[in-house]
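**Student:** Structure for the following, please:
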Amino acid sequence: MKRKVAAVRTFKQARTYILQAGICGIFSDAGVGMANLWEVVDLPDRQPGEKGWGQKIIAIWRWKNELPAIYPAEIFYGKIPPGRAVLMSMDYLRMEHYSKYHRPLRECSSVAQKIYERLKLDPLTTGSLREELNMTQRPERNRFERALQELQITLNIARRNSLEDENDTWVLFTDQYLDVVHARESFTS
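**Tutor:** Numbering: from 1, shown residues only. Prediction:
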């Protein structure tokens, strides 16, 4: 029997929902059986004839960036196989997710390794990174997108937690979440 969840209408309620769920998808594509914000957010969708996005999608889109930036010690934004965006509690990331999904860089594709090596120098937005690596045209652009997603899924890179970033800006996972890596190392030692 599915547990009834209170409707989410505010940023604070979204934070509470994620912390209680442990992990949740952002939109309805999260997958069968996975909690997701789209199902619980109770805000109006775009009305017929209304231009732009409705309140619901605007709130969810904003919260996926703001929650990890405002509560970096509590909430993580990342990707799960096969590339779906999720929010999860840092406790869930430490205790469950990291050990299941982290893979060493050497197990990643050559394009993923190339992206990682570039991010060692400094954080970059998706567009800047794509341009620097000269992967703006198809089929290189597709290879770039797959490799960027691979690095997120394998927890080698993460989106930087900053309200100042207008676009996704990427950092090495260890630069932002070294405590998660150390917690896992101490657990397995």
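**Student:** So which residues of the protein form helices?
**Tutor:** 11-21, 37-40, 55-70, 90-92, 98-101, 110-119, 126-132, 140-153, 173-188 (DSSP state H).
**Student:** weakest of the ones you listed by average pLDDT?
**Tutor:** Per-stretch mean pLDDT for the helices of the chain is lowest at helix 173-188 (a mean of 82).
**Student:** To residue 166, which of the helices of the chain lies closest?
**Tutor:** helix 55-70 (9.8 Å; Cβ to Cβ). (Glycine included, C-beta is placed from N, CA and C.)
**Student:** Please save the CA atoms from that closest one in PDB.
**Tutor:** Provided in PDB are the C-alpha atoms of helix 55-70 (Å, rounded to 0.1, in the frame of the first residue of the first chain):
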ATOM      1  CA  GLN A  55       4.000  27.600 -11.400                       C
ATOM      2  CA  LYS A  56       4.600  23.900 -10.800                       C
ATOM      3  CA  ILE A  57       7.500  23.400 -13.300                       C
ATOM      4  CA  ILE A  58       9.000  26.800 -12.400                       C
ATOM      5  CA  ALA A  59       9.100  25.900  -8.700                       C
ATOM      6  CA  ILE A  60      10.600  22.400  -9.300                       C
ATOM      7  CA  TRP A  61      13.200  23.700 -11.800                       C
ATOM      8  CA  ARG A  62      14.200  26.400  -9.200                       C
ATOM      9  CA  TRP A  63      14.200  24.000  -6.200                       C
ATOM     10  CA  LYS A  64      16.500  21.400  -8.000                       C
ATOM     11  CA  ASN A  65      19.200  24.100  -8.000                       C
ATOM     12  CA  GLU A  66      18.500  26.000  -4.900                       C
ATOM     13  CA  LEU A  67      18.000  23.100  -2.400                       C
ATOM     14  CA  PRO A  68      21.600  21.700  -2.800                       C
ATOM     15  CA  ALA A  69      23.000  25.300  -2.900                       C
ATOM     16  CA  ILE A  70      21.300  26.500   0.200                       C
END
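**Student:** Contacts made by it with the rest, please.
**Tutor:** The list of residues contacting helix 55-70 from outside it, by Cβ atoms under 8 Å, 6 or more residues apart in numbering, reads 11, 14-15, 18, 26-27, 37-38, 41, 43-46, 53, 75-77, 85, 87, 159, 161-163.
**Student:** closest one to residue 167 among the helices of the chain?
**Tutor:** Of all the helices of the chain, helix 126-132 comes closest under Cβ to Cβ, at 6.5 Å.
**Student:** re earlier: show me just the buried residues among the contacts of helix 55-70.
**Tutor:** 14-15, 18, 26, 37-38, 41, 75-77, 85, 87, 159, 161 (16 or more other Cβ atoms under 10 Å).
**Student:** and which of the residues you listed is nearest residue 183?
**Tutor:** Nearest to residue 183 among the buried ones among the contacts of helix 55-70: residue 76, at 13.1 Å, using Cβ to Cβ.
**Student:** what sits against the residue nearest to the closest one when sequence neighbours are not counted?
**Tutor:** Closest residue in space to residue 76, ignoring its immediate chain neighbours: residue 93 at 4.8 Å, by Cβ to Cβ, 6 or more residues apart in numbering. Applying Cβ under 8 Å, 6+ apart to residue 93 gives the contacts 76, 78, 177, 180.
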